[in-house]
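Asker: generate coordinates for the sequence data below:
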Amino acid sequence: QVQLVESGGGLVQAGGSLRLSCAASGLMLSRYTMAWFRQAPGKERESVASTSRSGSSTWYTDSVKGRFTISRDNAENTVYLQMSSLKPEDTAVYYCAAAPATVRGPARANEYLYWGQGTQVTVSS
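Answerer: Here you go, the predicted model:
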C-alpha cells in the first residue's frame, strides 16, 4: 500500500521559515517525479514545485521562486520543501504527490498518482 505522509507544517510569522517533509512507503521514490501542491481556503489547488526522480531537474511556480526549495533523499524515500521568507499568502494545506518519472516540468495535478493527506501551513502577518 502506497503512503505519502507530510509533516513539518505549523504556524509561523511572516518572513519566517518552515521545512516540510514527505515520507513515502510502499513505493521506491527514485522511480517517481515528486511535487508539492497547496490549497488555500476557497481557492483551487495549485502546484508549487516539482523535482525529477534524480533531483537534477526542478520546477517552481513563479510566486515561490527564490523562496522555496524542493529536494529529495531517495535513500531515505523522502522529499522536502524548504520554505523561506514566508508570506501570509503562502497559507494553505500543502500536499506532496508522486507521478511516473516520465512526467516533467510544471506539475499538473491530473498527472500525479499518489497523494499525501496534507499538512497545514499558516503564516501570520
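
Asker: helices of the protein, start to end?
Answerer: For the chain, no helices are identified by DSSP state H.

Asker: tell me the contacts of S124?
Answerer: 11-14, 88 (C-beta atoms under 8 Å, 6 or more residues apart in numbering). From N, CA and C alone the C-beta is placed, and that goes for glycine too.

Asker: most neighbours out of these, which is it?
Answerer: V12 (17 neighbours; other C-beta atoms under 10 Å).

Asker: make TSV out of the contacts of S124 and add distance to R38 and pLDDT.
Answerer: Output for the contacts of S124, formatted as TSV (distance: C-beta to C-beta, whole Å; pLDDT from 0 to 100):
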residue	distance to R38	pLDDT
L11	16	98
V12	15	98
Q13	19	98
A14	17	98
P88	13	97
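
Asker: out of the residues you listed, who's nearest R67?
Answerer: A14 (11.8 Å; C-beta to C-beta).

Asker: surely that closest one touches S84?
Answerer: No. Using C-beta atoms under 8 Å as the test, A14 is too far from S84 to be in contact (11.6 Å).

Asker: end-to-end on stretch 57-64?
Answerer: 16 Å (C-alpha to C-alpha, to the nearest Å).

Asker: mean confidence score for stretch 50-65?
Answerer: The pLDDT scores in stretch 50-65 average 96.
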